[in-house]
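Visitor: Below are the sequence and a predicted model for it; my questions follow.
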Amino acid sequence: QVHLVESGGGSGQVGGSLSVSCVASGDTGSVKSMGWFRHAPDKERVLVASIRTDTGGTYYTDSVWGRFTISQDTAENTVYLQMNNLKPEDAAMYYCAARLGLFGDYHYWGQGTQVTVSS
């Protein structure tokens, strides 16, 4: 089992920055990749960014490319998402997730942290 706890987020302004963090505990050695998802009202949940725990290789969805940065501190079992140049469409509940493989479903989820963006 892997337990994920997010923190950060909150309220930001258009063009501003926010960051969220996710601390993993439990059987973290079995985790192969971590992801940040977001889910806005009346929209589908979207994988925003992901990172491989072994190589640090990253993925970003097109809408956040160049604005968001996912990173990790493997010693602290923590994954970060730095969000710059915020846009109104970035407002959502952000969830940290972990999976035991490099592809396919994510197996563990955090409780989520809210991000709001005001103009």
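Guide: Yep, that arrived.

Visitor: count of neighbours near residue 47?
Guide: 15 (other Cβ atoms under 10 Å). Just so you know, the C-beta spots here come from the backbone N, C-alpha and C atoms, and that holds for glycine as well.

Visitor: ditto for the one 4 residues further on
Guide: By the other Cβ under 10 Å criterion, the neighbourhood of residue 51 contains 21 residues.

Visitor: now swap in the one 10 residues further on and tell me
Guide: The tally of other residues near residue 61 (other Cβ under 10 Å) stands at 15.

Visitor: Equivalent analysis for residue 104, please.
Guide: For residue 104, the number of neighbouring residues by other Cβ under 10 Å comes to 9.

Visitor: Please report how far it lies from residue 31.
Guide: Distance of residue 104 to residue 31, given as Cβ to Cβ, to the nearest Å: 13 Å.

Visitor: same question, residue 90
Guide: 26 Å.

Visitor: likewise residue 106?
Guide: For residue 106 relative to residue 31 (Cβ to Cβ), the value is 10 Å.

Visitor: How far off centre is the helix or strand harbouring residue 114?
Guide: Element membership for residue 114, per DSSP states H and E: strand 113-118. Distance, stretch centre to chain centre, for strand 113-118: 13 Å (Cα atoms, centre = their mean, to the nearest Å).

Visitor: Quick check: buried residues in it?
Guide: For strand 113-118, the buried set under the neighbour-count rule, 16 or more other Cβ atoms under 10 Å, comprises 113, 115, 117.

Visitor: one step back: looking at residue 106 and residue 31, which one has more neighbours?
Guide: Taking other Cβ under 10 Å, residue 106 and residue 31 do not tie; residue 31 has more neighbours (24 against 19).

Visitor: how many neighbours does residue 74 have?
Guide: Residue 74 has 11 nearby residues by other Cβ under 10 Å.

Visitor: try residue 52
Guide: For residue 52, using other Cβ under 10 Å, the count is 15.
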